[in-house]
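A.B. asks: Sequence and predicted structure are below.
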Amino acid sequence: MRATPELFRRAREELGEEVELLHDVHSRLTPKQAVTLARALEPYRLFFLEDVVAPEFFDRLPEIRAASPVPIAAGELLTSATEAARLVLGGGVDLLRLHLSAIGGLTPASALVALCEFAAVRTAWHSPADVSPVGMAANIALDVTTPAFGIQEGHVYADAVHDVFPGTPVIRRGHLYPSDAPGWGIELDEVQAARYPPSTHMHERWAARVRRPDGGLEAP
């Protein structure tokens, strides 16, 4: 609560006004703390403040958003298109941030995009390193078909990913582009895939972060 506003003060000072700044809270705050932090960050003009509370407190997001001077993004932890629709229709978010495969894929996501258009909500689909190139292509397909598009999270995939999945999207000067190839525009090279056995290190890393020192569960 103290360090984050100072971080953004320094970032604005160093980067100027042209760079968009975003912050992911990772669901760590109470509703009251969320409002306090959002107000403390107002001078630094964030593009959005993400996941300020855990999903069990999403019913409080409308009041948090109403009191927040910065845009609120949420949704990547949802596993239900219906719950996502409630966020949009209930006034809980400025930017809807879903993991498409977690809520059922392209078809329910397309319906949610239509809701966003009518509710003045923008999209900011979840797409870090643990989203596959196919998932990224699905995100892009939605991005380019709606005026509700807000921003797209991206990842610079390792060379191995491009070897295994020819056609993997590439970020060029801060932008992603849909493929001209059929379908998602991505293939699977099984010969290359055999060179890279699966690893569990990502799961081990997250598992170490979901319990507090006393053993109690905590959202990652």
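C.D. replies: Perfect, I can see it now.

A.B. asks: Could you pull up the residues touching the residue positioned nearest the centre of the chain?
C.D. replies: Here the mean C-alpha position of the chain is nearest to the C-alpha of H126 (Cα atoms, centre = their mean), at a distance of 3.2 Å. Going by Cβ atoms under 8 Å, 6 or more residues apart in numbering, H126 touches G75, E76, R97, L98, H99, L100, E153. The way it works is simple: take the backbone N, C-alpha and C, and place the C-beta from them, glycine included.

A.B. asks: quick one: which helix or strand includes the residue lying farthest from the centre of the chain?
C.D. replies: Farthest-out residue of the chain from its mean C-alpha position, per Cα atoms, centre = their mean: V191, at 32.0 Å. Following DSSP states H and E, one finds V191 within helix 190-193.

A.B. asks: roughly how far out does that helix sit from the chain middle?
C.D. replies: Helix 190-193 has its C-alpha centroid displaced from the chain centroid by 29 Å (Cα atoms, centre = their mean, to the nearest Å).

A.B. asks: what about the strands in the chain?
C.D. replies: Ranges of strands in the chain, per DSSP state E, are 22-24, 48-50, 72-74, 95-96, 122-123.

A.B. asks: Pick the most buried one from those.
C.D. replies: Comparing the strands of the chain by mean neighbour count (mean count of other Cβ atoms under 10 Å), strand 72-74 ranks first with a mean of 28.

A.B. asks: Quick one: residues in contact with that one.
C.D. replies: Identification of contacts with strand 72-74 by Cβ under 8 Å, 6+ apart yields 22, 38, 48-52, 58, 61, 64-65, 87, 92-97, 124.
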